[in-house]
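Coordinates only, no sequence provided:
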């Protein structure tokens, strides 16, 4: 297994390449608002293939103290090819975050930096698209991870917030 350890202070995260088993566990144990977002895209937007390993260019499962707390991935945007200079960075978390909330928050920016550095060198722009109703994740994007708010817009009846980072901000 190609695991990567990321440490910040006394907190250590372990990233492993995601497996189908990881995704089954993560999807069955999502935090309530992560589940709300996933359900919204499935039921209201008709996106049947939400958060599946096969849809992602690369994906890592995030572990804290031996527990799976979520995944972070690189995804080619819809209607673009793998040669695109853009990528989405989906991140979903499980209820296990509650066992280590401070370490989780402390490690998310270094984990994000690692993942962005794994993108092909020609990829310059990274995006995230949480629903505005998930106020905690919107604050987390801005204050903890340093994403920049691009705009808000409606996605199938819910307001979403588009965030952006460029590669220069990470390297």
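Thanks, I have it. All values reported here derive from a predicted model rather than from experimental measurement.

tell me which element residue 168 falls in.
Per DSSP states H and E: residue 168 is located in helix 167-170.

oh, I was asking about residue 36
Element membership for residue 36, per DSSP H and E: helix 32-43.

For the helix or strand following that helix, name the packing helices and strands.
Counting by DSSP H and E, the next helix or strand C-terminal to helix 32-43 is strand 58-64. Strand 58-64 makes packing contacts with strand 11-17, strand 67-74, helix 101-117 when contacts are defined by 3 or more Cβ pairs under 8 Å, 6 or more residues apart in numbering; DSSP states H and E. C-beta coordinates here come from the backbone N, C-alpha and C atoms, glycine included.

roughly how far is strand 58-64 from the heart of the chain?
Its chain's average C-alpha position is 10 Å from that of strand 58-64, according to Cα atoms, centre = their mean, to the nearest Å.

distance of residue 115 from residue 157?
Distance, residue 115 to residue 157, by Cβ to Cβ, to the nearest Å: 30 Å.

Could I get the pLDDT score of residue 46?
Each residue has a pLDDT score; the one for residue 46 is 72.

how deep is it tucked in, by neighbour count?
Using other Cβ atoms under 10 Å, residue 46 has 8 neighbouring residues.

what do you get for residue 106?
Residue 106 has 17 neighbouring residues, counting by other Cβ under 10 Å.

Now do the phi/psi pair for residue 3.
Main-chain torsions, residue 3, degrees, to the nearest 10: phi -90, psi 150.
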